[in-house]
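Asks: Sharing a model that was predicted from the sequence below.
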Amino acid sequence: MQMLQKIRQLSLISLISLSLLIMGCVSIPPEAPELSAQLGNRISAIEQSNLTLLHRYFDRKKQDIDDFIQHEWVPEFANQFFAEPAIANVWDQIVASGNRQDRLKFILKTSPKLQQQINQKRVELIQPLEVLEQRIETKLTADYAQAKAINNSITGFLLSASKVVENRDRYLEMAGVDSDEITQLIDTTDIIISDLLQKSQNIEGKIAKGENYLRRINELRNSL
């Protein structure tokens, strides 16, 4: 939650700074164009901070997915795999024979199949999360590009030193980075993954959680 709070706070700084600058421009001090140019640099720095926090957040969510696969999905999948009659019969015969070499051959033969299924499940769960991360990043970058473009216009506007008060409201209206929407996307992602990580008592519950996760994360991704 601390990371989410940082994203919210950083997303507001450029708008607040920009607003204070414009609202104070009843008369234009000589240093105003330089301050506006410095604000443009600050917006770029804030954008990078937001993107770094965004990537760290999604890295943490991907780790949560990996933990879910390792601690919940893999044990259930292994139980089902070895419960298949053909697999179970062969394994029972090997155990009864007491031949260690046969046990090793069986493990070496079945391990790649198990790992392939595990890898496929990870891709299935992680891929929509990565697409969502990319789309939020694209939106965030576009929002800041707009803020920087507006600030560049204001810098030129200050250099011309004319009609500041007349155009103040129009620039303020244009200058908003849509932090509320970004925050809502992050919060919704957090809720979806938290629901996935809730413990289930049986395999049906685990399957249902995985299907519910994919449906909701894809819906969120497709909303962008």
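Replies: Noted; the coordinates are in hand. Remember, it's a predicted structure, so these values are computed and weren't measured experimentally. Numbering: from 1, shown residues only.

Asks: So, low pLDDT: which residues of the protein?
Replies: 1-39, 154-180, 199-204, 206 (pLDDT under 70).

Asks: Try it again at 90.
Replies: 1-54, 71-115, 117, 139-224 (pLDDT under 90).

Asks: Where do the strands of it begin and end?
Replies: Under the criterion DSSP state E, the chain carries no strands.

Asks: Which strands and helices lie in contact with the biggest helix by length in the chain?
Replies: When the chain is parsed with DSSP state H, its longest helix is helix 100-160. With contacts defined as 3 or more C-beta pairs under 8 Å, 6 or more residues apart in numbering; DSSP states H and E, the packing partners of helix 100-160 are helix 2-23, helix 32-68, helix 74-83, helix 85-97, helix 164-174, helix 179-197, helix 203-222. Placement of C-beta: from N, CA and C, glycine included.

Asks: Repeat the analysis, applying 6 Å as the threshold.
Replies: Here helix 100-160 is seen to pack against helix 32-68, helix 85-97, helix 203-222 when contacts are counted using 3 or more C-beta pairs under 6 Å, 6 or more residues apart in numbering; DSSP states H and E.

Asks: can I get those helices in TSV with mean neighbour count and distance to residue 192?
Replies: Formatted as TSV, the helices and strands packed on helix 100-160 follow (neighbours: other C-beta atoms under 10 Å; distance: least, C-beta to C-beta, whole Å):
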stretch	mean neighbour count	distance to residue 192
helix 32-68	16	9
helix 85-97	12	34
helix 203-222	15	5
